[in-house]
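>>> I'd like to go over a predicted model; first the sequence, then the structure.
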Amino acid sequence: VNASGADFTVRDGKILYALAAIKNVGAQAMGHIEAVRREGGPFKDIFDFAERVDGRQIGKRGFENLARAGAFDKLLDNRAQIMANVEFLVRYSVQAGEERNSAQKGLFADEPAALHRPPLKLAEQWVPLKRLDEERGAIGFYFSGHPLDDYIARLDRNKHCLVSDVEDKVPAEGRVALYLAGVIRNVNQRRSKAGKPFAWVEISDPSGELEITVFSELLSVAGDYLVPGSLVWMTVSGERRDGVLRFTGESVRPLDAIAAPKGTGLRIEVTTPEAIEAVKRRLYNNEIAQIHSKAMGRASLVMFLPETGCEVEIFLPKKIAANPAMRSALKVIDGVSSVELV
């Protein structure tokens, strides 16, 4: 909100994404934000933004999708906290507008009295996968990163093929086997003329998206992995038919089975006592554990004790999801200095 306009603009040779291109925000409301910023300068924080814009024009959904897209990151770098306070921020913005209008209509046109700024409700940062999913929901695609970003370094040695390279890998004649890593974006199930189920599966990696046909034999054994949001490792056969590239799924495995094989663990270094509770909540978060239930491993907590000058390593009793996604989720916690897959 401190850089983009309602429409796409260019600054220093870079394209600034249009605020109005975010879903369900309204072009007129985004033009209003741009005009307010142009008149009064950059917004200082989320309260300054709420006080200066017209909350009725922006609305609850506008506040939500701006937050989900990351448009407020320079004002408050915790999208989850803004979402937890959306209803208050809209009411606060409407109240600020009413007091501003009242002052303008007054006899002496005094500046409106400063509103009380109560502390916002606290909320833990979204884990990176959640942050990216919310971002894609607000914009329509992954914008600031990709769910596979934390996995790529561990996949290079497995010779996987990027979506952007598949066309060059398929010969003019015959078939070729390709190994793809990606996140399932969409599954469109159908039935053949013979009544057998099949599906068109859309898979995404940082380089692009690809549609793969999955027939009944694979659906029956791997259907649990082929759901939107799943991170998978797929063996795919590619061939050209009548000049058209076609891709067929041959096997599917959870991506963690490749990137975090059995026996992988996490070594977590913390520098503050406050970080320990946050680490605990994230390690045993059921949502993360369920998504990555095939990559369970041990975890250890490493702390420096200043009163003794010693470093201690404590191995935790319960198994956790030991994979690149959990590593990334822990790294964003304040007071966590490093997280290693071991």
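Now that the structure is in, tell me what you want to look at.
>>> C-alpha from now on. contacts and neighbour counts both.
Will do.
>>> partner strands of the host helix or strand of residue 185 and their direction?
Counting by DSSP states H and E, the element that carries residue 185 is strand 175-191. Strand 175-191 has its sheet partners listed here by DSSP bridges as strand 197-205 (antiparallel), strand 231-241 (antiparallel).
>>> mind showing which ranges of the stretch 1-150 of the chain have poor pLDDT?
Where the stretch 1-150 of the chain drops to pLDDT under 70, the residues are 103-113.
>>> quick one: the helices in the stretch 101-250 of the chain?
Here the stretch 101-250 of the chain has its helices, by DSSP state H, counting those that start in this stretch, at 128-139, 152-155, 166-169, 216-222.
>>> okay, these, which one's buried deepest?
helix 128-139 (a mean of 20; mean count of other CA atoms under 10 Å).
>>> for it, packing partners?
Helices and strands touching helix 128-139, by 3 or more CA pairs under 8 Å, 6 or more residues apart in numbering; DSSP states H and E, are helix 55-69, helix 324-331.
>>> the spatially most central residue of the chain and residue 189: what is the separation?
What sits nearest the mean C-alpha location of the chain, by CA atoms, centre = their mean, is residue 132, with 1.1 Å. Residue 132 is 25 Å from residue 189, where distance means CA to CA, to the nearest Å.
>>> likewise residue 88?
Using CA to CA, residue 88 is found at 42 Å from residue 189.
>>> right, and residue 80 touches residue 127 too?
No: using CA atoms under 8 Å, residue 80 is not in contact with residue 127; the gap is 9.7 Å.
>>> and residue 122, what does it touch?
81, 84 (CA atoms under 8 Å, 6 or more residues apart in numbering).
>>> and it, what are its phi and psi?
When read as degrees, to the nearest 10, the backbone of residue 122 gives phi -80, psi 150.
>>> all strands of the stretch 1-150 of the chain, in order?
Remark: strands assigned in the stretch 1-150 of the chain by DSSP state E, counting those that start in this stretch are 9-11, 14-16.
>>> ok, the last one: who's next to it in the sheet?
In this case it means strand 14-16. Strand 14-16 is paired, per DSSP bridges, with strand 9-11 (antiparallel).
>>> and the partner strand, how far out from the chain middle?
25 Å (CA atoms, centre = their mean, to the nearest Å).
>>> what residues does that strand touch?
By CA under 8 Å, 6+ apart, strand 9-11 touches 15, 16, 17, 18.
>>> cool, stretch 160-170 as well?
Residues from elsewhere that reach stretch 160-170 (CA under 8 Å, 6+ apart): 176, 178-181, 204-205, 207-210, 238-240, 245.
>>> filter these down to the buried ones.
178, 179, 180, 181, 204, 205, 209, 210, 238, 239, 240 (16 or more other CA atoms under 10 Å).
>>> dump the residue contacts of the fifth one.
Contact criterion CA under 8 Å, 6+ apart gives 163, 182, 183, 184, 185, 210 as the residues in contact with residue 204.
>>> how does it look with 6 Å?
For residue 204, the contacting residues are 182, 183, by CA atoms under 6 Å, 6 or more residues apart in numbering.
>>> if we can go back for a sec, ChimeraX command to pick out the buried ones of the contacts of strand 9-11?
Applying 16+ other CA under 10 Å to those, the buried members can be selected in ChimeraX as follows:
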select :17,18
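>>> could you export the contacts of strand 9-11 as TSV, including distance to residue 297?
Formatted as TSV, these follow (distance: CA to CA, whole Å):
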residue	distance to residue 297
15	43
16	42
17	41
18	43
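>>> which one of the contacts of strand 9-11 is nearest to residue 30?
residue 18 (8.9 Å; CA to CA).
>>> you'd agree that closest one is up against residue 7?
Yes: using CA atoms under 6 Å, residue 18 is in contact with residue 7, at 4.5 Å.
>>> picking up where we left off before, for the strands paired with strand 175-191, give me TSV that also has mean pLDDT and distance to residue 37.
Shown next, in TSV, are the strands paired with strand 175-191 (pLDDT from 0 to 100; distance: least, CA to CA, whole Å):
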stretch	mean pLDDT	distance to residue 37
strand 197-205	96	36
strand 231-241	94	40
